[in-house]
Every structure is written in structure tokens, then in C-alpha cells.
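Engineer: Provide a 3D model corresponding to the input given below.
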Amino acid sequence: MTDKIIKPSRRDFFKKAGLATAGAVGTTTLAMPYVKAQAPIRWRMQTYAGPALAEHVIKPSIDAFNKAANGEMEIELYTADQLVSQGELFRAVQQGTIDAAQSDDDSMASPVDVSVFGAYFPFSSRYSLDIPVLWEWYGLREIWEEAYAEIPGVHWISTGAWDPCNFVTTKPIRSLADLQGLRVFTFPTGGRFLSRFGVVPVTLPWEDIEVAIQTGEIDGVAWCGATETYTVGWADITSYYLTNNINGAWAGSYFANQERWDELPEHLKTIFKLTIDSSHYYRQHWYWWGEAHYRTTGGKLELTTIPEAEWKTVEDEALAFWDEVAETSDRNRRVVEILKKYAETMRGAGAPYRYT
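Structural biologist: Reported below is the predicted structural model:
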């Protein structure tokens, strides 16, 4: 059983990948029934998360899978940019360079129209529980299955919630004017939206973010909430945490190479899905605990807030952004309609679903 994250060099990985590809030429591609005497099935899986974060958002579930698979299968886990860069992650799964991935559709450059709703689609959720409700009870699961059925080579498995998107910076933010010229590491769609308020989105490899903050290349991140800020060490090199967020929860998914997924016997698929669900559950309570815990007892960041009346400008602009995205495809229009219906339902239900 793998009990720690694998850390080979990228060069070694591609050497092995090349040999495996060459050796496979000319062989039959029919999936054979698994028997105990065979060598275990081995997958390489890469997460969007760096090492410290991966210890929470995926490693426990992969360790559990490897144990439950009982020698029939083993997943080797790699962290952000370790085998391929984040922006190439979807294509790497599609081509079979790696077997599976954990990421949002947006930053991994997933070639589906709904990828814009991955990660942090502005104000699409208020709380982390909104994400599984939208996917499992408001029809987003079926829309995602429909979208990925049109893309060869990749099987979308499941979407779950992570943390909110707050600004964590070296400069204080107390008004919208403070966003002008602010250089932050963030996600593609979130960055597009925030640029309307003068924010300068910056894309960097995960391992370069800390140095970029320390050298002043960027002013901080709009990538996570308090839990991740403290877990990965960014709280040690920033000073301020803006309590206003542009989204209540990151939407992330699990993907597998279609051929490798189809080869798995049903019981291993079931175990994998169950361990994914266990990861979704862990993140629900870990982030919910951490956001309040670190805000109140973290002690490293000063909390700042943009006044509610001023922040409403951002919320109103998000609705205009929704309508623009709805015009890009019929499927995106359907998603936006669902988001609007959901928001209306939550407001109508009142507390504790929505307080305003």
C-alpha cells in the first residue's frame, strides 16, 4: 500500500511512460477479467494541490482506496505540477500520460463549455454544502455527464466542494478602490471576473507562489480561504485576509482516462467512487472547521472587510457576468438558469439557508 505521496522527477516519469507506450504497440487492447494471480493494476494520479494541501484534500482517500483494493490495484499519487503542469492536466489524462486527476475543470483547461463553472464561478455558491446540492439535486451532475460524453478519452466521475475564495494579501483591502492594480494568483474564470475591478490575475506554478509573494512579484492570492492559507504556509508571508469572498466554495472534480476506467472491474470502480465520497465528506467538515478556527484563532492575518453596500456592486456585476456566460452555449444557459433558480430558492427559504 502506498503510504506517502510519490516524488519522482518529471524526466524519470516520461522515460517510463515512453517505454510503457512503446511496449504496448501491437498488443491486444481487450480488457481481461482480473484474477488474483495477476500483478496489481497501477494508476498514476495527479492532484491540483501541493504537498501540504494534498495531505488533506486527497491523500487519505487514496490511502484508503489502496488498502480497500486489497492488492488488486494501487494508485500512485502525485502533487501539483509534479508530472505535468496544471494547464496540461486534462490533456495528460485524455492521452493516457497519467491515469486520473483531481482538479477543477477551469484551471486544467478542460475543453467543455461548462468548464467555466469549475473552481470559482462568481457568487454561484454561498456555502460549501451548495456544491453537492447543485450537482446531486438540481441537475448539474446530468449536465456534466452530458458535456463530458462529447469529449473522447476522459471520464468525469464526481464533483465536490472545497473552500471559499477570499483575498489573502500583503496589502490591506478595505474598499473596492484597493483592488485596483492588485496582482494575485487566482483561477482563470475568477480572474476574468475580478479584472473588472482592476485586479491583475497572475498564473504561476504552485511551487513558485510563495517566492512570488516574498519578492513582491504578486501581492497575494485569491485562490482559497483561511484553511488553506494557514495549511500551506501563505499566512506566514502575507498580512491581510479579506472577509468578503467571491464564492462560497470551490467546485472540484475527479477524472479518469476513459480506457483505463473501462478496464476496471466494477467492484474497483465502486471502491474508488466510495473513497471519493469519503474525501468529499472530509473536506466538508475540515474546511467548515478551519475557516472559523483560523479566522478567530490563527493570529497571523489581520481581517479586513469591504462595507456591505459597496460589496453589493461586485455581487450585482456577477449577475451580469452570469448572463454573458449564458449566451456562450445552450448548455451554459441551462446551468445559469439552475443557478438562478437555486439562489431564488435559498433566499425564499430564509435562515439558515440565506440570511440576506
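
Engineer: what helix or strand is residue 53 on?
Structural biologist: helix 51-57 (DSSP states H and E).

Engineer: Alpha carbons of the next helix or strand after that helix, as CSV, please.
Structural biologist: Per DSSP H and E, helix 51-57 leads on to helix 59-68 as the next helix or strand towards the C-terminus. C-alpha atoms of helix 59-68 as CSV (Å, rounded to 0.1, in the frame of the first residue of the first chain):
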residue,chain,number,x,y,z
LYS,A,59,-4.2,11.6,0.2
PRO,A,60,-6.4,10.0,3.0
SER,A,61,-8.9,8.8,0.4
ILE,A,62,-6.2,7.3,-1.9
ASP,A,63,-4.6,5.6,1.1
ALA,A,64,-8.0,4.1,1.9
PHE,A,65,-8.5,3.0,-1.7
ASN,A,66,-5.2,1.2,-1.8
LYS,A,67,-6.0,-0.6,1.4
ALA,A,68,-9.5,-1.5,0.3
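
Engineer: Show me which positions of helix 59-68 end up buried.
Structural biologist: Using 16 or more other Cβ atoms under 10 Å as the burial criterion, the residues of helix 59-68 that qualify are 59, 61, 62, 63, 64, 65, 66, 68. The C-beta positions use only the backbone N, C-alpha and C, and glycine is treated the same way.

Engineer: okay, the residues you listed in CSV with distance to residue 220 next?
Structural biologist: Formatted as CSV, the buried residues of helix 59-68 follow (distance: Cβ to Cβ, whole Å):
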residue, distance to residue 220
59, 26
61, 30
62, 30
63, 32
64, 34
65, 35
66, 37
68, 40
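
Engineer: Closest one to residue 168 out of those, please.
Structural biologist: residue 59 (23.5 Å; Cβ to Cβ).

Engineer: So which residues of this protein form helices?
Structural biologist: Applying DSSP state H to the chain gives helices spanning 10-24, 51-57, 59-68, 89-95, 130-137, 140-149, 188-194, 209-215, 226-231, 258-263, 266-297, 308-326, 330-349.

Engineer: Please report how far the nearest residue to residue 82 once chain neighbours are set aside lies from residue 231.
Structural biologist: Nearest residue to residue 82, sequence neighbours excluded (Cβ to Cβ, 6 or more residues apart in numbering): residue 46, at 6.3 Å. According to Cβ to Cβ, to the nearest Å, residue 46 stands 19 Å off from residue 231.

Engineer: Neighbour count for these two, which is higher?
Structural biologist: residue 46 (28 against 21; other Cβ atoms under 10 Å).

Engineer: how about that one, what does it touch?
Structural biologist: Contacts for residue 46 (Cβ atoms under 8 Å, 6 or more residues apart in numbering) come out as 77-80, 82-84, 89, 92, 98, 100-102.

Engineer: Pipe the residues you listed into CSV and attach neighbour count and distance to residue 261 per row.
Structural biologist: As requested, the contacts of residue 46 are exported to CSV (neighbours: other Cβ atoms under 10 Å; distance: Cβ to Cβ, whole Å):
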residue, neighbour count, distance to residue 261
77, 24, 17
78, 22, 18
79, 23, 22
80, 21, 23
82, 24, 22
83, 24, 19
84, 22, 19
89, 27, 16
92, 20, 15
98, 25, 13
100, 23, 8
101, 27, 12
102, 26, 14
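
Engineer: now these in a markdown table, with distance to residue 223 and pLDDT?
Structural biologist: Converted to a markdown table, these look like this (distance: Cβ to Cβ, whole Å; pLDDT from 0 to 100):
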| residue | distance to residue 223 | pLDDT |
| --- | --- | --- |
| 77 | 21 | 98 |
| 78 | 20 | 98 |
| 79 | 16 | 97 |
| 80 | 12 | 96 |
| 82 | 18 | 96 |
| 83 | 21 | 97 |
| 84 | 20 | 96 |
| 89 | 16 | 97 |
| 92 | 22 | 98 |
| 98 | 23 | 98 |
| 100 | 23 | 98 |
| 101 | 18 | 98 |
| 102 | 16 | 98 |
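
Engineer: want to throw the residues you listed into JSON lines with distance to residue 278?
Structural biologist: Shown next, in JSON lines, are these (distance: Cβ to Cβ, whole Å):
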{"residue": "77", "distance to residue 278": "15"}
{"residue": "78", "distance to residue 278": "20"}
{"residue": "79", "distance to residue 278": "20"}
{"residue": "80", "distance to residue 278": "22"}
{"residue": "82", "distance to residue 278": "23"}
{"residue": "83", "distance to residue 278": "24"}
{"residue": "84", "distance to residue 278": "26"}
{"residue": "89", "distance to residue 278": "23"}
{"residue": "92", "distance to residue 278": "25"}
{"residue": "98", "distance to residue 278": "22"}
{"residue": "100", "distance to residue 278": "16"}
{"residue": "101", "distance to residue 278": "18"}
{"residue": "102", "distance to residue 278": "13"}
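
Engineer: and of the residues you listed, the nearest to residue 239?
Structural biologist: Nearest to residue 239 among the contacts of residue 46, with distances taken as Cβ to Cβ, is residue 80, at 24.6 Å.

Engineer: before we move on, the earlier item: give me the helices and strands touching the helix holding residue 53, please.
Structural biologist: For helix 51-57, the packing partners by 3 or more Cβ pairs under 8 Å, 6 or more residues apart in numbering; DSSP states H and E come out as helix 226-231, helix 266-297.
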